[in-house]
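Enquirer: What follows is a predicted protein model with its sequence.
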Amino acid sequence: MPTNKKIVWLRPKGQFMSWNQRIKQRREELRIKRYELAKNVGVSPATVSDWENAKIKKITTDNLVRVAKALGTTINYLQTGEDEPRFDLPTDDSFDGLTDDQKVEAQELIENFRTDNARALRIAAELNARKKA
């Protein structure tokens, strides 16, 4: 007797994703717009869109290197989902021994680091693009 149950596959973030999906995910994490990435890589915004939507199935090595650099990640991460350089928040037990005020301050510092790091990557990418122009 058939059932109407739907199977849902859950997967860890980054696994079973294509390079196309990882480019989009990383770009969105850094809050970089498509046209900014396109400018920094030296392609059109339409090309970036086609990469992210898997309309383009292959990417040149040169473009892959430029994308990885612009997104502050590695080629290996874009290809496999491994080795992504990112700063993750510590677990709750990492704050053992700190006062509540110190825990709040540490979390604020970590969040500020993430924001500043993303902003620094965008600025560096813009400066590199200006050099090329």
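Expert: Happy to help now that I have it.
Enquirer: Test my guess that residue 39 contacts residue 129.
Expert: Yes - assessed by Cβ atoms under 8 Å, residue 39 is found in contact with residue 129 at 5.2 Å. To be clear about C-beta, it is placed using only N, CA and C from the backbone, and glycine gets the same treatment.
Enquirer: Pick out whichever of the two has more residues nearby.
Expert: residue 39 (21 against 16; other Cβ atoms under 10 Å).
Enquirer: Please name the residues that touch the more buried one.
Expert: residue 129 (Cβ atoms under 8 Å, 6 or more residues apart in numbering).
Enquirer: Tell me which residues of the helix or strand containing it come out buried.
Expert: Secondary structure from DSSP states H and E places residue 39 in helix 34-41. Buried positions in helix 34-41, judged by neighbour count with 16 or more other Cβ atoms under 10 Å: 34, 36, 37, 38, 39, 40, 41.
Enquirer: so what does whichever helix or strand comes after that helix touch, helix or strand wise?
Expert: Next helix or strand after helix 34-41 toward the C-terminus (DSSP H and E): helix 45-52. Helices and strands touching helix 45-52, by 3 or more Cβ pairs under 8 Å, 6 or more residues apart in numbering; DSSP states H and E, are helix 19-29, helix 34-41.
Enquirer: and of those helices, who's closest to residue 123?
Expert: helix 34-41 (11.0 Å; Cβ to Cβ).
Enquirer: re the thing from before, right, and the helices and strands packed on helix 45-52 - which one's nearest residue 102?
Expert: helix 19-29 (27.5 Å).
Enquirer: Helices of this protein, residue ranges please.
Expert: 19-29, 34-41, 45-52, 61-70, 75-80, 100-132 (DSSP state H).
Enquirer: Include mean pLDDT when you put those into JSON lines, please.
Expert: Conversion of the helices of the chain to JSON lines gives the following (pLDDT from 0 to 100):
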{"stretch": "helix 19-29", "mean pLDDT": "90"}
{"stretch": "helix 34-41", "mean pLDDT": "93"}
{"stretch": "helix 45-52", "mean pLDDT": "96"}
{"stretch": "helix 61-70", "mean pLDDT": "88"}
{"stretch": "helix 75-80", "mean pLDDT": "85"}
{"stretch": "helix 100-132", "mean pLDDT": "73"}
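Enquirer: Nothing else from me, thank you.
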